[in-house]
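**Q** No sequence on hand, only this structure:
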């Protein structure tokens, strides 16, 4: 997700790119209450283990922790409540088929504001095996070493 016009990135799930192979991505709206939006604006969210599931034709986000707002007293939200993601019905059907048939998982990749609305980039992911992760680490180290050598050659 790039920082284009009207887009302000709130948080990115870097670990998800390491742990999962992302096959497809979807931009979703998210149903929030007022105090949750304030916490999103302040960047007070945590989602290391967050995931989404299809329940009765709707997609629900679980394990997303949105910190309570200290300035709203009685009307505060529950920090770990399930949040409904907003997608078109056809997209939900397509996602549900792939999750059921092929063993995919829905992982939030990033949260951002787009024209003052909170959006979620939802990834259709498959878990990586340990040897895949090792290969990623080896590739990253190799790229780092090549760029070092290149910079040494320039000076």
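**A** All right, it came through fine. Predicted model, so just to flag it, every value in this text is computed and none were measured.

**Q** any chance you could map the strands in this protein?
**A** With strands called from DSSP state E, the chain shows them at 7-12, 20-30, 45-46, 51-55, 58-62, 65-66, 83-86, 105-114, 117-127.

**Q** Tell me how many other residues surround residue 149.
**A** Using other C-beta atoms under 10 Å, residue 149 is surrounded by 9 other residues. (C-beta placed from N, C-alpha, C; glycine too.)

**Q** Least confident secondary structure element in this protein?
**A** Each helix and strand of the chain was given a mean pLDDT (mean pLDDT, DSSP states H and E); the minimum falls on helix 14-19 at a mean of 78.

**Q** So for that one, what gets flagged as buried?
**A** 16, 17 (16 or more other C-beta atoms under 10 Å).

**Q** Report the beta-bridge partners for residue 108.
**A** residue 122 (DSSP bridges).

**Q** And the one 4 residues further on, by the same measure?
**A** Taking DSSP bridges, one finds residue 9, residue 119 as the beta-bridge partners of residue 112.

**Q** Contact partners for it?
**A** 1, 7, 8, 9, 10, 118, 119, 121 (C-beta atoms under 8 Å, 6 or more residues apart in numbering).

**Q** Make a markdown table out of the strands of the chain and add distance to residue 139 and mean pLDDT.
**A** Listed next are those as a markdown table, based on distance: least, C-beta to C-beta, whole Å; pLDDT from 0 to 100:
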| stretch | distance to residue 139 | mean pLDDT |
| --- | --- | --- |
| strand 7-12 | 20 | 86 |
| strand 20-30 | 14 | 88 |
| strand 45-46 | 29 | 84 |
| strand 51-55 | 26 | 89 |
| strand 58-62 | 31 | 91 |
| strand 65-66 | 32 | 84 |
| strand 83-86 | 32 | 90 |
| strand 105-114 | 20 | 90 |
| strand 117-127 | 19 | 88 |
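
**Q** what packs against the longest helix along the chain?
**A** In the chain, taking DSSP state H as the definition, the longest helix is helix 130-154. Under the contact criterion of 3 or more C-beta pairs under 8 Å, 6 or more residues apart in numbering; DSSP states H and E, helix 130-154 touches helix 14-19.

**Q** which residues are in contact with the helix it packs on?
**A** With C-beta under 8 Å, 6+ apart as the criterion, helix 14-19 contacts 22, 48, 107, 108, 109, 123, 125, 127, 128, 133, 136.

**Q** Adding neighbour count and distance to residue 95, write those residues out as TSV.
**A** Converted to TSV, the contacts of helix 14-19 look like this (neighbours: other C-beta atoms under 10 Å; distance: C-beta to C-beta, whole Å):
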residue	neighbour count	distance to residue 95
22	14	14
48	9	22
107	23	12
108	24	13
109	19	14
123	23	11
125	21	12
127	12	17
128	16	20
133	12	25
136	14	25
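
**Q** No further queries at this time; thank you.
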